[in-house]
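Novice: only geometry, no sequence info:
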């Protein structure tokens with residue numbers, strides 16, 4: 001499996017990802033946008049009922065290694081963001097060759113879902 005071999009080559013990458021099953025943590029997913037790197041969904045965190053955005057990015061198919069490296073870069077970048085005017089990064093989960101990046105920015109999500 002690509003994911004396992006990638007983590008074997010870069011054990012530090014394993015620490016970037018949450019171990020939980022994202023399908024059990026997030027409910028009420030509704031697509032609110034998409035682009036060349038994936039789709040963004042409105043969702044609710046079932047643990048605390050918070051509204052979050054989930055960006056799903058597939059790392060299977062053609063250019064798997066390049067996609068995986070892009071995911072690693074994005075997760076590392078999001079983990080470093082610390083400012084009151086930016087999103088709050090909540091973690092990245094892996095499920096069936098898809099990375100789920102979870103962020104919290106309620107104001108933006110509410111505006112997007114009202115359209």
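Specialist: Looks like it came in fine. Since the structure is predicted, the reported quantities are computational estimates derived from the model, not experimental observations. Numbers count the residues shown, from 1 in each chain.
Novice: May I have the beta-bridge partners of the residue positioned nearest the centre of the chain?
Specialist: Residue closest to the average C-alpha location in the chain (C-alpha atoms, centre = their mean): residue 101, at 1.0 Å. Counting by DSSP bridges, residue 101 forms beta bridges with residue 55, residue 92.
Novice: and it, what does it touch?
Specialist: Neighbouring residues of residue 101 by C-beta atoms under 8 Å, 6 or more residues apart in numbering: 54-57, 74-75, 78, 89, 91-92. Bear in mind the C-beta positions are built from the backbone N, C-alpha and C, glycine included.
Novice: Go through these and say which is closest to residue 26.
Specialist: Residue 26 lies nearest to residue 54 out of the contacts of residue 101, by C-beta to C-beta, at 6.0 Å.
Novice: so that closest one sits right up against residue 102, yeah?
Specialist: Yes - the criterion here is C-beta atoms under 8 Å, and residue 54 meets it with residue 102 at 5.6 Å.
Novice: and the biggest helix by length in the chain, how far out from the chain's middle?
Specialist: Ordering each helix of the chain by length in residues (DSSP state H) puts helix 64-80 first. Relative to its chain's centre, helix 64-80 lies at 10 Å (C-alpha atoms, centre = their mean, to the nearest Å).
Novice: Identify each buried residue in that helix, please.
Specialist: Buried positions in helix 64-80, judged by neighbour count with 16 or more other C-beta atoms under 10 Å: 67-68, 70-72, 74-75, 78.
Novice: And for stretch 44-52?
Specialist: Residues 45, 51-52 are the ones in stretch 44-52 that count as buried (16+ other C-beta under 10 Å).
Novice: Straight-line length of it, end to end?
Specialist: One end of stretch 44-52 sits 6 Å from the other (C-alpha to C-alpha, to the nearest Å).
Novice: That stretch - what's its average pLDDT?
Specialist: Mean pLDDT, stretch 44-52: 93.
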